[in-house]
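1. Sequence isn't available, so here's the structure alone:
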């Protein structure tokens, strides 16, 4: 009888020990899953939309020319997007809307936390959130290169010394620190555009808007400018929106948006781009 009791006791103890081991294994498995999920959440950051456009319309010539015809568009923070289309497709008008350089007739447009549809605080929006790069660099010819880069900073609170330090740092980032004191008229076309890139970064903008930034440059210089833009986008994680008619240029972006007759024809991720896509006009 005592032997049977001891046997039962040992069996109960073995069961308890097995249960403990099983619970330990379960806990380890759960903790492992939690750690895996934690890694997934940390590594796959869900980025918010920095641009949200709905039903955007714009006409010129008293409504006779429909530049934008019901545009719907979302752009993620840190995304590099190319907008392509033939002449007159509406791509530059769309870029102007994104930079609050023009006002829509109807629809909503929210950019970097500003509701541009309300037509309020637009100067503040442009100075704090947007950097512009145009086909024609728009540098002021009678002041030095470094002074051109400093211009956007006057809206801020930096001292003259800090403005100069930052401007020189930006020029150094585009390889032109040694040209800081000369006039833009002494620079090549590619060098002027690199100054324009430095100037666009002066206020640490959330978005860079580039309108045909290589349109007036030869192919060799264009490659240097595009490399510079790509470097800027990756290093600073700035949202880059570039208008171009050149598909070879457009394919550098994360996503290509095709515009035709004031409408978005299609939006294509870089990995899905067809090499046979061509833009006429």
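-> Structure's in. What do you need? The structure displayed is predicted, hence computed values, not measured ones.

2. C-alpha only now, for contacts and for neighbours.
-> Will do.

3. all helices for the stretch 151-281 of the chain, in order.
-> Listed in chain order, the helices of the stretch 151-281 of the chain (DSSP state H, counting those that start in this stretch) span 160-173, 189-200, 219-236, 247-250.

4. looking at those helices, which is buried most?
-> helix 189-200 (a mean of 24; mean count of other Cα atoms under 10 Å).

5. Show the average pLDDT along that one.
-> Mean pLDDT, helix 189-200: 90.

6. what's in contact with stretch 219-231?
-> 174, 190, 193, 194, 197, 213, 214, 249 (Cα atoms under 8 Å, 6 or more residues apart in numbering).

7. Closest one to residue 259 out of those, please.
-> For the contacts of stretch 219-231, the closest approach to residue 259 (Cα to Cα) belongs to residue 249, at 15.7 Å.

8. Just want the phi and psi numbers for the nearest residue to residue 76 once chain neighbours are set aside.
-> Excluding the flanking residues, the one nearest residue 76 by Cα to Cα, 6 or more residues apart in numbering is residue 49, at 4.2 Å. Backbone torsions of residue 49, given as degrees, to the nearest 10, read phi -70, psi 130.

9. would a markdown table of the contacts of stretch 219-231 with distance to residue 271 be doable?
-> A markdown table is the format used below for those (distance: Cα to Cα, whole Å):
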| residue | distance to residue 271 |
| --- | --- |
| 174 | 29 |
| 190 | 29 |
| 193 | 29 |
| 194 | 29 |
| 197 | 27 |
| 213 | 23 |
| 214 | 23 |
| 249 | 15 |
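
10. Pairing partners for the residue positioned nearest the centre of the chain in the sheet, please.
-> Nearest to the geometric centre of the chain sits residue 239, at 1.2 Å (Cα atoms, centre = their mean). Per DSSP bridges, the residues bridged to residue 239 are residue 207.

11. Sketch out the low-pLDDT regions of the stretch 1-150 of the chain for me.
-> Low-confidence segments of the stretch 1-150 of the chain (pLDDT under 70): 1-46, 63.

12. can you map out the helices along it?
-> Counting by DSSP H, counting those that start in this stretch, the helices of the stretch 1-150 of the chain are 2-43, 91-98, 122-129, 145-150.

13. which residues sit against the last one?
-> It refers to helix 145-150. The contact list for helix 145-150 (Cα under 8 Å, 6+ apart) reads 139-140, 163-164, 167-168, 171, 179-184, 195-196, 198-200, 202.

14. show me what contacts the residue nearest to the centre of the chain?
-> Contacts for residue 239 (Cα under 8 Å, 6+ apart) come out as 76, 77, 78, 79, 80, 206, 207, 208, 233.

15. Am I right that the last one is in contact with residue 77?
-> No: in this structure residue 233 lies outside contact range of residue 77 using Cα atoms under 8 Å: 11.2 Å.

16. ok so, going back, out of the contacts of stretch 219-231, flag the one nearest to residue 158.
-> The closest of the contacts of stretch 219-231, once distances to residue 158 are taken by Cα to Cα, is residue 197, at 20.0 Å.

17. Surely that closest one touches residue 133?
-> Yes: judged on Cα under 8 Å, residue 197 makes contact with residue 133 at a distance of 6.4 Å.

18. ok, back up a step: and the contacts of residue 239, which of them are buried?
-> By neighbour count, with 16 or more other Cα atoms under 10 Å, the contacts of residue 239 hold 77, 78, 79, 80, 206, 207, 208, 233 as buried.

19. Now tabulate those in TSV and tack on distance to residue 265.
-> Converted to TSV, those look like this (distance: Cα to Cα, whole Å):
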residue	distance to residue 265
77	22
78	23
79	20
80	18
206	26
207	23
208	23
233	26
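
20. follow-up on the earlier one: and the residue nearest to the centre of the chain, how far is that from residue 138?
-> 22 Å (Cα to Cα, to the nearest Å).

21. so can I have a markdown table of the helices of the stretch 151-281 of the chain showing distance to residue 66?
-> Output for the helices of the stretch 151-281 of the chain, formatted as a markdown table (distance: least, Cα to Cα, whole Å):
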| stretch | distance to residue 66 |
| --- | --- |
| helix 160-173 | 40 |
| helix 189-200 | 30 |
| helix 219-236 | 31 |
| helix 247-250 | 24 |
